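S.K.: Sequence and predicted model, in that order:
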Amino acid sequence: MREMRSLREAADSQARFSRKDSISSSVLEIDSWMPSKLQAISPLMERLMRLVERSRSVPGEEFGVELALREALVNAVVHGNREHRETKVHIRCRCWPGKEISIVVTDQGKGFDFEKTAGHTVMSDPCSEQGRGIQLMKAYMDIVHFERGGSEVHMRKRLRTGPRS
């Protein structure tokens, strides 16, 4: 079964949601575009996190996923697209209930040198703002890596099974 729906809650954003069900599993896919405005982040985050919570892909880990996603969106808007009106941010999310969530955030900027920014972290200079969002993404997600010269961040969080230490 496959269904597609569009959200028209925010005139500036476009979203497509699909659910792929099979005998063994169900996957929720979210494909959305957001304008490069800081004001667009919170409304999109509210809708996305409601869907993530309902998917039950990583129950109990939603706070970390939300924080990492918010940091990725802020970085894409401010550093990637430099808040240019004509640019957008692309968000793709896949939720596997009871298993994991994977998120890709792509901006239309020129990218950045991850190695250079990684050297300016909270650990090396607590007063520095540079690299803090990346460190938060890495702290709350299991996998974080950059592609397309730094203009695309891939994040993954898996549900931990077994006893927590």
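M.R.: Sure thing, it's come through. These numbers were taken from a predicted model, which means no experiment stands behind them. Numbering: from 1, shown residues only.

S.K.: okay, CA-based contacts and neighbour counts for the rest of this
M.R.: OK.

S.K.: For stretch 49-60, give me every contacting residue.
M.R.: With contact meaning C-alpha atoms under 8 Å, 6 or more residues apart in numbering, stretch 49-60 is reached by 28, 62, 66, 95-101, 157-159.

S.K.: Among those, name the ones in helices.
M.R.: When DSSP state H defines the helices, the subset of these inside them is 62, 66.

S.K.: between the contacts of stretch 49-60, which is closest to H145?
M.R.: K157 (12.5 Å; C-alpha to C-alpha).

S.K.: wait, what's in contact with that closest one?
M.R.: Contact partners of K157, counting by C-alpha under 8 Å, 6+ apart, are 58, 65, 100-102, 141-143.

S.K.: nearest to V74, of the residues you listed?
M.R.: Distances from V74 to the contacts of K157, taken by C-alpha to C-alpha, are shortest for V65, at 14.2 Å.

S.K.: check contacts around the closest one.
M.R.: Listed by C-alpha under 8 Å, 6+ apart, the contact set of V65 reads 140-141, 157.

S.K.: Can you list the low-confidence ranges for the chain?
M.R.: Residues of the chain that meet the criterion pLDDT under 70 lie in 1-25, 117-130, 162-165.

S.K.: I'd like the contacts of stretch 49-60 as CSV, with distance to K88 appended.
M.R.: Compiled in CSV, those are given as follows (distance: C-alpha to C-alpha, whole Å):
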residue, distance to K88
L28, 23
E62, 25
E66, 20
C95, 23
W96, 26
P97, 29
G98, 31
K99, 30
E100, 26
I101, 23
K157, 25
R158, 28
L159, 31
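
S.K.: which residue ranges form the helices in the protein?
M.R.: 41-55, 62-75, 114-118, 132-140.

S.K.: Switch the contacts of V65 over to TSV; also include distance to R50.
M.R.: Shown next, in TSV, are the contacts of V65 (distance: C-alpha to C-alpha, whole Å):
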residue	distance to R50
Y140	19
M141	19
K157	17
